[in-house]
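Chemist: quick one: sequence and predicted model below, then my questions.
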Amino acid sequence: MLYRYFTLLLGLFSGAARSSNLSFALIASFGQYGTNSSGVIPAVDLALAEINSHPSVLQGYRLFYDQAKDSECLYAKSLQAFFSEIQNDPVKLAVIGCGCSVATQPVAAITSYWNIPQISYVDVSSALDDRTTYKSHFRTSPSDKHHYPVFYSIMNHFGWKRIGILTQNEDLFKLAELNIRGILETETVNYTVDSRTFETKSDPVASVHDLFLENDRQRIFFLNSYPGQARKILCQALKLGYTYPKYAWITNDWYNDKWWTAAENSAVVSCTDKQLEVFLEYALAIHSLPTVEDNSGATDTGRNPEEFISDYDAHCKQINCEKSEAAGRAYDAVWTLAFALNSTMTMVTSNSISGTGCENMPGSLVTLDQFNYTNQMMGCLIQWNIQRTNFSGVTGRVQFDENGTRIQHTISLKQYRIDASGALIRVPLAFFSVQNNYTWTFLPNYTDHAVYPDGTPSDGTPAQISRTYSIPMVVIIDILSTCGIVLVLICFLFNLLCRKRRVVRLSSVNLNYAILFGALLMYLSVYTYLVPTISPNPVKAMCVLKEWLFIIGYSLCFGTVLSRMWRIYKIFHNPTPKKKSLKDRHLLVIVSVIVFIGIGLVFLETAVPQLLGTVELDKDNEDSSGISANGVHVDYSLLVCYKASSLAFYWKILIFIYLAMLQIIGIMLAFQTRSVNLILVILAIDTFLLNTYLNAYAAIFSLGIIILTTTFLLFTFVPKMIQIYQNQETNSEPTVSTTTGRELGASSDQETYKTQASSLQERLQEREATIAALEKEITELKEEKLKLEMSFSKKMEEAAL
């Protein structure tokens, strides 16, 4: 306490005689439950010594405080300290304190009832911006309302979309969390804010444990608490390995310089100071406090910042005090009060208070030492002069806005770094201009790589990786599809070259061309299912194209089969044999109708957006998630043509019902086998149930189309090839015809009719011969029966005799 007495003596005996005392209340927090602001006391004493020795400030008065009171950073304790000061003489002209926002708010709400101002030096809560509630409150610290847009700028700059907030259950921190959420939720980008709240007097580790362990994707954390609780949380995070480069931490910069150490933090933890220093390196600190560009520049107090820091450090070391980062603002707070009282003294002496709004207030103009708590006029004048404060202090320009909050033009972003000596310090790396919408500006020599040399930590948002098809699978299936196209070409040449052979003519050459064209379209549709792209536009184009190719190709193939079977049905079930038989052109009309129905379904799907669906990302159920090399969760997704719950889904069901009807009728009439029907069932299941299994869906559907189409061709053309190869036909050997397509089309109907007539005549003759043989056999059986009856009757007569 030697320094305390030295400064008091210096103020008492220096300069002109100061016979009248002016008292104020000094309230600080000694760090039991919150921030420790007791380190401001030496700065206050230093300011008082200079004020009381100043030749032109408060002449004839000595400004002093009796004893600093401890608010313990608690609501009730702060009020108790205030009332203790008010109830005891001498009269207090102001309150400087109360050491933290939690303790300041209740006092700031009632000081106006005693007509005295309150000037705080460490409080940043934006709640104190409410002038209706806190009528006579001023502060030399800026409001933390600037933190909130800065959070958005930081997250936007580093590409973070998720943040975990660890909040102490105090109004200061709850309001900060609420405002951060408000800022982020109003942005167009979808931000995720996860938080845990813990009580001031409880162990925060238990409350935040689930955020660490249950939400293991959270990577960015903001310590929204007082330093003591923050130290406990960091120690737990250190034990869990939540360190850079996988994790990033953000703190407030109003913490004391060595807040994580045991010397300056009473919180008991099992981690050493050195361990926490290593852990904190690369953490960020948002600095909304005033800054001085030139530490050696002159100030209106007569002491420049460099001199103040030197003297303050020396005195703190001398009396073994815990240094406070708020010391400079407390020093300026005392000077703010002194300048305002000095201006009030001048106004009282000159009796010039017009225009202040105080002239009609109850009370009277008296000297400062005659002030009492009921004199509203003097209280109004003192507050009016504080509001107009404008001087250069050791923390920069001191001015207040309409809410009594110090005006701030820039916000700094600092980072914890270990310097060459091995000490952990906070170095400025960027600043944000309040007037320019909090624009981010790096300081010289700083870049993203300099801030995070091992890479910017991920925010824990799972990386969305759009999967594409397995290249080996694509190659194999594309080869098979190409082989199918080659098979189509072979069958086309066979149909063209052997079109005059009887076995080919009976199958209708033109209808064979329709099957071949449909098969070609189906093989081509396979390529559209396996385009290795993750771009929405190409995927959307392929979604449309594959529908057109598959539906038209399928309709051609099965439509042709149905038309053939219909002609056979008409021949064998026609009660009027003389009626003219169906020709190829009639069958092509049937095929066309079936194809146009399919085209109509696909056209409606393409034309109506709700039926087509939108290309969207969906989870890839083959491999939905994983962990990247740097520990970040990865969610694998794929682009799908439609979601299962959409209208497009039900439209697909309608299309498959139509295709199934064609296939069932065709199978009943033609192949008498269930193999192809099973393939359609597999395709339907694959479409509706496996479309979120990327490679499985593509492989099954593509192979299903290849098998289905190949089956068409094999059943249609291979038996004919075998018959011709075995020379089972009696027609002449096939020769290459040079007949034009037009001539072939003109003679096709006549040849088909002759062939069908000849075949029917042969079958009729065979049936007549069979009937004659059966009639002869019946006659013989009747004769045999008659003989047996006569023989039986004769024996019965003999027996009777």
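Modeler: Received it, and whenever you're ready, just let me know what you need.

Chemist: so who does the residue lying closest to Glu325 once chain neighbours are set aside touch?
Modeler: Spatially, and ignoring its direct neighbours in sequence, Glu325 is nearest to Asn256 (5.3 Å; CB to CB, 6 or more residues apart in numbering). From N, CA and C alone the C-beta is placed, and that goes for glycine too. Listed by CB atoms under 8 Å, 6 or more residues apart in numbering, the contact partners of Asn256 are Thr35, Asn36, Gly39, Pro227, Glu264, Glu322, Lys323, Ser324, Glu325.

Chemist: again, 7 Å this time
Modeler: Neighbour list for Asn256: Asn36, Pro227, Glu264, Lys323, Ser324, Glu325 [criterion: CB atoms under 7 Å, 6 or more residues apart in numbering].

Chemist: in three-state terms, label the closest residue to Asn115 other than its chain neighbours for me.
Modeler: Nearest residue to Asn115 in three dimensions, chain neighbours excluded: Gly379, at 2.8 Å (CB to CB, 6+ apart). Three-state assignment for Gly379 (DSSP: H, G, I helix; E, B strand; the rest coil): helix.

Chemist: surely Gly379 is in contact with Gln118?
Modeler: No: using CB atoms under 7 Å, Gly379 is not in contact with Gln118; the gap is 11.8 Å.

Chemist: between these two, which is the more surrounded one?
Modeler: Gln118 (32 against 27; other CB atoms under 10 Å).

Chemist: so how far is Ala327 from the more buried one?
Modeler: Noted for Gln118: a distance of 19 Å to Ala327, by CB to CB, to the nearest Å.

Chemist: thinking again about what came up before, scan the contacts of Asn256 and report the most crowded one.
Modeler: The contacts of Asn256, ranked by neighbours (other CB under 10 Å): first place Ser324, 30 neighbours.

Chemist: you'd agree that one is in a strand?
Modeler: No: according to three-state DSSP, the state of Ser324 is coil, so it is not within a strand.

Chemist: name the element the nearest residue to Leu429 once chain neighbours are set aside belongs to?
Modeler: Spatial nearest neighbour of Leu429, excluding adjacent residues (CB to CB, 6+ apart): Tyr446 at 4.7 Å. Using DSSP states H and E, Tyr446 sits in no helix or strand.

Chemist: mind listing what the closest residue to Thr111 other than its chain neighbours touches?
Modeler: Distances taken as CB to CB, 6+ apart place Gln118 nearest to Thr111, at 4.6 Å, with adjacent residues excluded. Applying CB under 7 Å, 6+ apart, we find Gln118 in contact with Ala94, Val95, Val107, Ala108, Thr111, Ser136, His137.

Chemist: I'd like those laid out as TSV, including secondary structure and distance to Lys500.
Modeler: Converted to TSV, the contacts of Gln118 look like this (DSSP: H, G, I helix; E, B strand; the rest coil; distance: CB to CB, whole Å):
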residue	secondary structure	distance to Lys500
Ala94	strand	118
Val95	strand	115
Val107	helix	111
Ala108	helix	108
Thr111	helix	114
Ser136	coil	113
His137	strand	108
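
Chemist: what subset of those is buried?
Modeler: Ala94, Val95, Val107, Ala108, Thr111, Ser136, His137 (16 or more other CB atoms under 10 Å).

Chemist: dump the residue contacts of the second one.
Modeler: The contact partners of Val95, taken as CB under 7 Å, 6+ apart, are Phe24, Ala25, Ile27, Phe82, Val107, Thr111, Ile116, Gln118.

Chemist: show me the strands in the stretch 351-500 of the chain, by range?
Modeler: Secondary structure of the stretch 351-500 of the chain (DSSP state E, counting those that start in this stretch): strands located at 390-393, 396-399, 410-418, 424-433, 439-442, 463-466.

Chemist: so which of the ones you listed is nearest Val561?
Modeler: Closest approach to Val561 among those is made by strand 463-466 (40.2 Å; CB to CB).

Chemist: could you give me the average pLDDT of the closest one?
Modeler: Average pLDDT, strand 463-466: 57.

Chemist: can you check stretch 357-371 too?
Modeler: According to the model, stretch 357-371 has a mean pLDDT of 92.

Chemist: that stretch: end-to-end distance?
Modeler: With CA to CA, to the nearest Å as the measure, stretch 357-371 spans 19 Å from end to end.

Chemist: so what touches that stretch?
Modeler: 20-22, 61, 91, 93, 341, 344-345, 348, 351, 353, 375-378, 380-381, 384.

Chemist: which of these are buried? Put it as a PyMOL command.
Modeler: Per 16+ other CB under 10 Å, the buried members of these correspond to this PyMOL selection:
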select buried, resi 22+61+91+93+341+344+345+348+353+375+376+377+378+380+381+384
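
Chemist: for the chain, name the helix or strand with the lowest mean pLDDT.
Modeler: helix 675-689 (a mean of 42; mean pLDDT, DSSP states H and E).

Chemist: check which element follows that one along the chain.
Modeler: helix 694-725.

Chemist: helix or strand: which one has Cys98?
Modeler: Using DSSP H and E, no helix or strand contains Cys98.

Chemist: excluding chain neighbours, give the residue nearest to it in space.
Modeler: Ile27 (4.1 Å).

Chemist: separation between the one you found and Ala285?
Modeler: From Ile27 to Ala285 the distance is 27 Å (CB to CB).

Chemist: so between the two, which is more surrounded?
Modeler: With neighbours defined as other CB under 10 Å, Ile27 and Ala285 compare such that Ile27 has more, 26 against 22.

Chemist: for the more buried one, helix, strand, or coil?
Modeler: Ile27 is classified as strand under three-state DSSP.

Chemist: check what pLDDT it gets.
Modeler: Confidence score, pLDDT, at Ile27: 94.

Chemist: beta partners for it?
Modeler: Residues in a beta bridge with Ile27, per DSSP bridges, are Lys69.

Chemist: I figured it hits Leu79, correct?
Modeler: No: using CB under 7 Å, Ile27 makes no contact with Leu79, being 10.3 Å away.

Chemist: now Ala298. Nearest residue, chain neighbours left out?
Modeler: Asn304 (6.0 Å).

Chemist: pretty sure the one you found is touching Ser296, no?
Modeler: Yes: counting by CB under 7 Å, Asn304 touches Ser296, with 5.6 Å between them.

Chemist: who's more crowded, the two?
Modeler: Shown here are Asn304 and Ser296; by other CB under 10 Å, Asn304 has more neighbours (18 against 9).

Chemist: for Asn342, see how far away that one is.
Modeler: 21 Å.

Chemist: same check, this time on Cys271
Modeler: From Cys271 to Asn342 the distance is 50 Å (CB to CB).

Chemist: before we move on, what about Leu545?
Modeler: Distance from Leu545 to Asn342, by CB to CB: 85 Å.

Chemist: neighbour count: the two, which is higher?
Modeler: Asn342 (20 against 15).
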